[in-house]
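Chemist: below is the sequence, then the predicted model.
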Amino acid sequence: QVQLVESGGRLVQAGGSLRLSCAASGRTLSEDNTAWFRQAPGKERERVAAISRGGGSTYYAESVKGRFAISRDNAKNTVYLQMNSLKPEDTAVYYCAASTYYIGSRSEGYTYWGQGTQVTVSS
């Protein structure tokens, strides 16, 4: 059974930093393209970052470029999202998702999903 478990979300002040983790079981994340999505109340789910299977390519939404960084630790079977200079508009539930072949921005392209972790940025 494949499980993705996100952690690290919490309340933080604007300008602060957080690191989210996505730990996998039942699947080797280094063999998957992995992405972080977020969904704020009343908004569509959007991809904020993705990392390719080999880790050689990363992708970011324009709204987070220069502030967020996605990385993976294959030994821990974990993907991270380092979030710096957080803004109130970054407030959302953050999800990790994995797919063997897809790395685009559409949520429908990803096969495996975590349950999400809440990030709240206060002004």
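Modeler: Ah, there it is.

Chemist: residues touching the residue nearest to residue 4 when sequence neighbours are not counted, list them.
Modeler: Nearest residue to residue 4, sequence neighbours excluded (C-beta to C-beta, 6 or more residues apart in numbering): residue 114, at 3.7 Å. Every C-beta, even on glycine, is put in place using the N, C-alpha and C of the backbone. By C-beta atoms under 8 Å, 6 or more residues apart in numbering, the contact list for residue 114 reads 3-6, 22, 95-97.

Chemist: residue 31 now?
Modeler: Taking C-beta under 8 Å, 6+ apart, one finds 53, 100 in contact with residue 31.

Chemist: would you list every one of the strands in the chain?
Modeler: 3-7, 11-13, 18-25, 33-39, 46-51, 58-60, 68-73, 78-83, 92-99, 112-113, 117-122 (DSSP state E).

Chemist: now the ones you listed as a markdown table including distance to residue 106?
Modeler: What follows is the strands of the chain, written out as a markdown table (distance: least, C-beta to C-beta, whole Å):
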| stretch | distance to residue 106 |
| --- | --- |
| strand 3-7 | 18 |
| strand 11-13 | 29 |
| strand 18-25 | 19 |
| strand 33-39 | 10 |
| strand 46-51 | 8 |
| strand 58-60 | 13 |
| strand 68-73 | 18 |
| strand 78-83 | 19 |
| strand 92-99 | 10 |
| strand 112-113 | 13 |
| strand 117-122 | 21 |
